[in-house]
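Novice: Kindly return the folded structure for what I paste below:
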Amino acid sequence: MSVKVGSVGMKSLYLGSQEIVKAYVGQELVLLEKKPSRLPGGYTELEFLEFNGSQYIQTNIVANKNTRILCRASPAEREVSNKSYVLFRSSVAVFSTYYTFSVQFSIRYLGSSKADAFYGVMGTSPSGAITKIADIYAPNPYDIEFDTANKTIAVSGISYTFPNNDVAETLRPFVIGCSSINQSGTLASPFSGKLYSFKLIQDGRMLLELIPSQNANGVAGFFDLVNNDFLTAPSGTNFIPGPAV
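Specialist: Here you go, the predicted structure:
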């Protein structure tokens, strides 16, 4: 049974300013209390956090040959041609070869028309050059799966298997929100867009599960359910909070 006003279903009911979390019509429950929060007290879960090109999260997790990332993200609409915006990356330089693990949204121009594309890198570069996975349309959200064991990257069900068999161990930890950060704090290929969720699994263990959230002081960041930690952007570059869930 549902409760409606006219043809519109009711999702909440108030008595003055107090929300009614449970209500019955006869013996039938028609309103349920809200699902318990996954977060500790004082934190509010958000739909997403928005990056505007100056925020990032530096992790301590280095990619290996059995790393899997599951995330949902949407790129911002931009007007810059031939430019990449990296969502995450882990890499190391060995002589002149770069072993890279990254996902990026890129903007390019085909004639007079702007096109968005989803790119991925895995293995060696330049021999394992940037590979187009799918055309995308900003600011739509996309589900991304990145798997070094199977050498695949998938975006919203479109999967690509990398032909390069040399998936190397790397030394540089994953950074979320750009390709790299130099000593002055300048970001290379900074990401602009929204991140809805981010999970990192390695050797069968969940190492990161990031939930967009806001603390009691109104600071937006990612609450890591695995490590019970609240991760924020560097000082002065706060994430832009999305709506509460």
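Novice: now residue 233, nearest residue through space, not along the chain?
Specialist: Of all residues beyond its chain neighbours, the one nearest residue 233 is residue 55 (3.8 Å), with distances taken as C-beta to C-beta, 6 or more residues apart in numbering. Every residue, glycine included, has its C-beta placed from N, CA and C.
Novice: ok, now residue 37?
Specialist: According to C-beta to C-beta, 6+ apart, the nearest residue to residue 37 is residue 45 (6.3 Å).
Novice: and the one you found, how many neighbours?
Specialist: Other residues near residue 45 come to 14 when the count uses other C-beta atoms under 10 Å.
Novice: Which secondary structure elements does the helix or strand where it lies sit against?
Specialist: Element membership of residue 45, judged by DSSP states H and E, is strand 44-45. When contacts are defined as 3 or more C-beta pairs under 8 Å, 6 or more residues apart in numbering; DSSP states H and E, strand 44-45 packs onto strand 205-214.
Novice: and the strand it packs on, what other elements does it pack with?
Specialist: In terms of contacts (3+ C-beta pairs under 8 Å, 6+ apart), strand 205-214 is packed against strand 44-45, strand 192-202, strand 220-224.
Novice: CSV for those, including mean pLDDT?
Specialist: Compiled in CSV, those are given as follows (pLDDT from 0 to 100):
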stretch, mean pLDDT
strand 44-45, 96
strand 192-202, 95
strand 220-224, 97
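Novice: Please convert the ones you listed to TSV, extending it with distance to residue 77.
Specialist: Output for the helices and strands packed on strand 205-214, formatted as TSV (distance: least, C-beta to C-beta, whole Å):
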stretch	distance to residue 77
strand 44-45	26
strand 192-202	9
strand 220-224	21
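Novice: do you know which of those strands lies nearest residue 136?
Specialist: With C-beta to C-beta, the closest approach to residue 136 among the helices and strands packed on strand 205-214 belongs to strand 192-202: 10.5 Å.
Novice: I'd like to know how far the residue nearest to residue 233 sits from residue 234.
Specialist: Counting by C-beta to C-beta, to the nearest Å, the gap from residue 55 to residue 234 is 8 Å.
Novice: quick one, which of the helices and strands packed on strand 205-214 is nearest to residue 146?
Specialist: Between residue 146 and these, the tightest spacing by C-beta to C-beta is seen for strand 192-202, at 9.2 Å.
Novice: Mind listing the strands the strand holding residue 45 pairs with, and their directions?
Specialist: strand 205-214 (antiparallel) (DSSP bridges).
Novice: Residue 137: how many residues sit nearby?
Specialist: For residue 137, the count of nearby residues is 11 (other C-beta under 10 Å).
Novice: correction: residue 206
Specialist: Count around residue 206 with other C-beta under 10 Å applied: 12.
Novice: hmm, back to that, and residue 55 and residue 234? Which one has more around it.
Specialist: In this view residue 55 and residue 234 are compared by other C-beta under 10 Å, and residue 55 has more residues nearby, 25 against 14.
Novice: tell me which element the more buried one falls in.
Specialist: Assigned by DSSP H and E, residue 55 falls within no helix or strand.
Novice: give the contact list for the residue nearest to residue 53 when sequence neighbours are not counted.
Specialist: In this structure, residue 53 finds its nearest non-sequential neighbour in residue 190, 4.3 Å apart by C-beta to C-beta, 6+ apart. Shown in contact with residue 190 (C-beta atoms under 8 Å, 6 or more residues apart in numbering): 51, 53, 54, 56, 85, 86, 177, 178.
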